[in-house]
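Peer 1: Provided below are the primary sequence and the corresponding predicted coordinates.
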Amino acid sequence: MEQRADLHLHTNHSDGALSVEQLLRKALARGLSTLSITDHDTVLGVDEAAEIGKSLGVEVVPGVELSATLGDHEVHILGYFVDQRDEEFKEYLTFFRQQRYHRAVRIVEKLNALSVPVRLDSVLEQAGKAAIGRPHIANALVEAGLAESYYQAFDQYIGNGRPAYECKFSITPRDTIDLIARAGGIAVLAHPSVHTTESMLTQLVKDGLDGVEVIHPSHSPGVVTYYRGIAAEYFLLESGGSDFHGGRRDDDDAFGRFSVPVKFVEEMKRRLFDFRRRSVS
């Protein structure tokens, strides 16, 4: 049987519901041999995942998910094989998490101005030690009985264009890709079918993009075929995964179903080897 990998997963270090160990055990139960934890703006779970992965026989690819702004659009870029101990990289991630906190404060203030009495303390309780995101605010709204569901919280209050929405701090795609490269990783565009035009993708390739996520729950079979063609045209690496979060996301059925052959990971390793060989020659 072909070994499979899920290269887009989240834990409770960002906006996922499961701990690192719970996620790895779930991956093993779903028949996955390789995974990447790609938490938003943090690599705090990578070392723990690597240790647990060794004991379970699951390969863990160091990963992270970063936000960037291209024109009026936000794009998400996955960094694979980043050095989680790189000091410059860790400093940037710390700064990004601080900006997430300030954004949460502004969203709570907007909600309160709309007579939605959610408390910042409740949001922080939902986040714990994780990088704060809108999902924590949505969960706090549901817990307080101020929203009927996770998705209703986004649709009515905090989703893009809704009355309590606040832009996330982000940098340009070129700077994001360069940051990932300096940390020894490769940069892959996440869920490209979400607000990414072909002209935007062309610009991202010019900015140094290494790959594109072809497999994602938001991609129909036709979209998968399209992005595989794009990857071949621009000599991009292919990636994919379930973008699993758990909890109120109700996305459990995606975990294990949206996966890619392990050969995709081997291609990434070969690309990195070539990069490093050229850099020292």
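Peer 2: Arrived safely.
Peer 1: what are the bridge partners for the residue nearest to the spatial centre of the chain, then?
Peer 2: By C-alpha atoms, centre = their mean, the chain has its centre lying nearest to Glu65, at 3.6 Å. Residues in a beta bridge with Glu65, per DSSP bridges, are His40, Leu78.
Peer 1: isn't it right next to Glu74, touching?
Peer 2: No - counting by C-beta atoms under 8 Å, Glu65 sits too far from Glu74 to count as a contact (12.0 Å). Every C-beta, even on glycine, is put in place using the N, C-alpha and C of the backbone.
Peer 1: skip the chain neighbours and tell me the closest residue to Val64.
Peer 2: Gly79 (4.6 Å; C-beta to C-beta, 6 or more residues apart in numbering).
Peer 1: which residues are in contact with that neighbour?
Peer 2: 38, 63-66, 179-180, 183, 185-188 (C-beta atoms under 8 Å, 6 or more residues apart in numbering).
Peer 1: for it, give its distance to Leu201.
Peer 2: Gly79 sits 18 Å away from Leu201, going by C-beta to C-beta, to the nearest Å.
Peer 1: before we move on, what about Ser115?
Peer 2: Taken as C-beta to C-beta, the span from Ser115 to Leu201 is 42 Å.
Peer 1: same question, Asn139
Peer 2: Taken as C-beta to C-beta, the span from Asn139 to Leu201 is 33 Å.
Peer 1: give me the distance from stretch 236-251 to the chain's centre.
Peer 2: Relative to its chain's centre, stretch 236-251 lies at 8 Å (C-alpha atoms, centre = their mean, to the nearest Å).
Peer 1: how about stretch 150-161?
Peer 2: 19 Å.
Peer 1: what's the span of that stretch, first residue to last?
Peer 2: 17 Å (C-alpha to C-alpha, to the nearest Å).
Peer 1: looking at Ser115 and Leu201, which is more packed in?
Peer 2: Shown here are Ser115 and Leu201; by other C-beta atoms under 10 Å, Leu201 has more neighbours (20 against 6).
Peer 1: so when I look at the more buried one, I'm seeing a strand, right?
Peer 2: No - counting by DSSP: H, G, I helix; E, B strand; the rest coil, Leu201 is not found in a strand; it is helix.
Peer 1: which residue ranges form the helices in the chain?
Peer 2: Using DSSP state H, the helices of the chain run over residues 20-29, 46-56, 87-113, 120-127, 134-143, 150-153, 173-182, 198-206, 221-233, 263-280.
Peer 1: contact partners of the first one?
Peer 2: The one in question is helix 20-29. 6, 9, 11, 13, 16, 18, 35, 37, 45, 48-49, 52-53, 56-58, 60, 244, 255-256.
Peer 1: list the contacts for His76?
Peer 2: Going by C-beta under 8 Å, 6+ apart, the list of residues near His76 reads 65-68, 189-191.
Peer 1: one more: Ala181?
Peer 2: Contacts of Ala181 (C-beta under 8 Å, 6+ apart): 187, 208.
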